[in-house]
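Trainee: Prediction below, plus the sequence it came from.
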Amino acid sequence: MKARGRLGGIQWFNTWGPERRETVSCALSLLLVCVLSACAFVLPTSLLLFLVGINGLLVIHGLLCRGNIWGVVKLALIQLIITLGLYLMLYGIGSLIDGSVVVVRIVLATIPSWWLCITVAPERIGEVLSSFLPKKWAFVVAASLSLLPYMLDEIREIYQIQCLRGARITPKALRNPKNWSELVYCVLFPALILLLKLSHQMAVAAHSRHFGQHPRPTHWHSPRENDE
């Protein structure tokens, strides 16, 4: 009887179309990411090694899906330098281990989100979120995720152009805190202006397509995803 029930469940799952399976897979991935990110902050230090192993599997899977882990590595290095510096100034050299644990928790909370962005299309995330969030909120989250890779490339180009202009924002120059303000108005302000421009363009595009007027909006499923 139990074997027949399991077989029936498998057959029922196989009757789903590719679009339904993509949505269910995205929902499970989103739930996994939320659980792992929360565990990174609430688990005791003695259990972090187990969480490191799970995140290691996510990193391997993300790399196999042609993800770029370099951004997470740079974030970890920057966070390590800042956090350890603050702990050293405020609490002394004996607190460096505690500061390192804090950085490890932040990285462990970041890796699942990186993996989700690599393995799941933004429109799938928007479809799942729209099942329990207002449609416009889900659209904003999905649009933000889809813009993230483009914005990172644009920020990188802005940084390189400003360095060619002679701005004192190279890693060596940023060792001097006096140059930090130059990083703000040479890179962060132009990136913010670009983000506002892109947000306005996306809002105009959504309004032109009458987004929000239908009570049950549809979600795009790429034929390329179905073929894969």
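Mentor: Received it, and whenever you're ready, just let me know what you need.
Trainee: Show me how the chain divides into domains.
Mentor: 25-120, 134-215 (automatic domain parsing).
Trainee: Val128: which of the ones you listed is closest?
Mentor: When the domains of the chain are compared for distance to Val128 using C-beta to C-beta, the nearest one is domain 25-120, at 4.8 Å. (C-beta placed from N, C-alpha, C; glycine too.)
Trainee: distance between the closest one and the chain's centre?
Mentor: For domain 25-120, the distance between its averaged C-alpha position and the chain's averaged C-alpha position is 12 Å (C-alpha atoms, centre = their mean, to the nearest Å).
Trainee: what residue ranges in the protein score low on pLDDT?
Mentor: Within the chain, the ranges that satisfy pLDDT under 70 run 1-19, 212, 214-228.
Trainee: now the helices: where do they sit in it?
Mentor: Listed in chain order, the helices of the chain (DSSP state H) span residues 2-14, 18-42, 48-64, 70-91, 96-119, 122-129, 135-164, 180-183, 189-208, 223-227.
Trainee: gap between the nearest residue to Trp114 once chain neighbours are set aside and Gly56?
Mentor: In this structure, Trp114 finds its nearest non-sequential neighbour in Val72, 5.4 Å apart by C-beta to C-beta, 6 or more residues apart in numbering. Between Val72 and Gly56 the distance, using C-beta to C-beta, to the nearest Å, works out to 13 Å.
Trainee: and what of Leu152?
Mentor: Taking C-beta to C-beta as the measure, Leu152 falls 24 Å from Gly56.
Trainee: swap in Val141?
Mentor: Plainly put, Val141 is 27 Å away from Gly56 if you go by C-beta to C-beta.
Trainee: now do Lys136
Mentor: As defined by C-beta to C-beta, Lys136 lies at a distance of 37 Å from Gly56.
Trainee: Kindly report the same for Leu48.
Mentor: 12 Å.
Trainee: Ok, Ser25 next?
Mentor: Counting by C-beta to C-beta, the separation of Ser25 from Gly56 is 21 Å.
Trainee: Please identify which of those two sits among more neighbours.
Mentor: Set side by side, Ser25 and Gly56 show unequal neighbour counts under other C-beta atoms under 10 Å, the larger going to Ser25 at 14 against 11.
Trainee: what sits against the more buried one?
Mentor: Residues in contact with Ser25 (C-beta atoms under 8 Å, 6 or more residues apart in numbering) are Val120.
Trainee: any idea how far it lies from Ile54?
Mentor: Look at Ser25 and Ile54: by C-beta to C-beta, they are 18 Å apart.
Trainee: what's the closest non-adjacent residue to Arg66?
Mentor: Taking C-beta to C-beta, 6+ apart as the measure, Arg66 lies nearest to Ile118, with 7.9 Å between them; neighbours along the chain are not counted.
Trainee: number of nearby residues for the nearest residue to Met151 once chain neighbours are set aside?
Mentor: Spatial nearest neighbour of Met151, excluding adjacent residues (C-beta to C-beta, 6+ apart): Leu195 at 6.4 Å. Summarising burial for Leu195: neighbours were counted as other C-beta under 10 Å, giving 15.
Trainee: and what of Gly99?
Mentor: For Gly99, which is what you asked about, the neighbour count (other C-beta under 10 Å) is 20.
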